[in-house]
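Novice: Let me see the structure of the following:
(one chain, ligands or ions: 2)
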Amino acid sequence: MSYILETVNLVKRFGGLVAVNNANIKIKRNSITMLMGPNGAGKTTFVNVCTGVLRPDEGRVFFNPTGSEKSKMEITGWPPHKVYKLGFVRTFQIPQPFLALTVLENVLAALGGRGENPLVAPFRWLWVKNEEDRVAKAFEILKKVGLEEYWDWEAYKLGAGQLKMLEIARALAVGAKLVALDEPIGGTDPAHAHEIFKHVQSLARSTDITFLVIEHRIDIALPFADYVYVMDRGSVISMGTPDEVANDPKVVEVYIGGR
Ligand SMILES: Nc1ncnc2c1ncn2[C@@H]1O[C@H](COP(=O)(O)OP(=O)(O)O)[C@@H](O)[C@H]1O
Ligand SMILES: [Mg+2]
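Specialist: Ligands and ions are numbered 1, 2, ... in the order given. Model prediction:
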């Protein structure tokens, strides 16, 4: 089985609080894997420990960007910039879109100049021969996220959902293989949330990008997941297909029960 990310007994404590308690989470390549759970469950801390923002107290993290057994490597405790260079990217790590620049200019900025971006630099000569190719590449990315027709809009004119897609476009431009989206639909209404997830889903289908989506709202996000982990108070309490977790009494208890 080809997992792009795998954690083994991952633990993170803050003083006496166990924010992540023995997490064993596996993310299949090319999937949309959701990490759900109520506020304070430990979702963001989990991602922080995987991406090097925080050091784990115990456990191990493995990342395999290409799927060949040879490219599997242990990244436990690696600093964030090294994890980022490998292709495990959180959208907030990418500088925020420049609101005064157009959509196209924002993607071009993320693509970077010659050799500027360590992620794409080794491959740059293969696909970015000149400015024309860069623009073509940027349009290819904009098409994938559904922003093609907004290419000449200044970013400040975009709605919340479109801005989120621009962030994802920029993640694609820096060569991300695994994109972590921490509550991507926060601050958007249900219609936009639906649209964001539809684009994420079509990206996962049409590219080799894998998505780890952190979400606490189970209603909107769940149908778009291929696989789901549910955390509560630091521990993984359920995992499976959307149907399986939605019908798991432990999950129902966390979401509907007295808390
Ligand atoms: N830097 C920190 N220092 C101390 N406690 C923290 C820190 N970050 C998170 N926590 C605590 O860890 C728990 C998990 O938080 P978090 O990972 O943000 O949850 P979630 O993302 O699921 O809402 C919470 O109780 C939170 O208060
Ligand atoms: Mg969080």
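
Novice: how about the residues of the protein that lie near ligand 2?
Specialist: Contact residues (CB under 5 Å from the ion) of the chain with ligand 2: 43, 44. The way it works is simple: take the backbone N, C-alpha and C, and place the C-beta from them, glycine included.

Novice: what are the ranges of the helices in the chain?
Specialist: 43-50, 80-86, 103-111, 121-127, 131-144, 160-173, 190-206, 218-221, 242-246, 249-256 (DSSP state H).

Novice: mind checking which of those is nearest ligand 1?
Specialist: Closest of the helices of the chain to ligand 1 is helix 43-50, at 3.2 Å (criterion: CB to the nearest ligand atom).

Novice: Is ligand 1 within reach of the closest one?
Specialist: Yes: shown here: helix 43-50 in contact with ligand 1 (CB under 6 Å from any ligand atom) through 43, 44, 45.

Novice: Run through who's touching that helix.
Specialist: 5, 7, 10, 12, 19-20, 23, 25, 35-37, 53-56, 61, 75, 83, 88, 90, 180, 182, 212, 214, 216, 231 (CB atoms under 8 Å, 6 or more residues apart in numbering).

Novice: What subset of those is buried?
Specialist: When the contacts of helix 43-50 are checked for burial by 16 or more other CB atoms under 10 Å, the buried set is 5, 7, 10, 12, 19-20, 23, 25, 35-37, 53-54, 56, 61, 75, 83, 88, 90, 180, 182, 212, 214, 216, 231.

Novice: From the residues you listed, which land in strands?
Specialist: 5, 7, 10, 12, 19-20, 23, 35-36, 61, 88, 90, 180, 182, 212, 214, 231 (DSSP state E).

Novice: Which strand residues bridge residue 239?
Specialist: residue 229 (DSSP bridges).

Novice: Isn't it up against residue 226?
Specialist: No: Residue 239 lies out of contact with residue 226 (CB atoms under 8 Å); the separation is 12.0 Å.

Novice: Mind listing the shared neighbours of the two?
Specialist: With CB under 8 Å, 6+ apart, residue 239 and residue 226 have no common neighbours.

Novice: Which positions in the stretch 1-150 of the chain make contact with ligand 1?
Specialist: 14, 17, 19, 37, 39, 40, 41, 42, 43, 44, 45.
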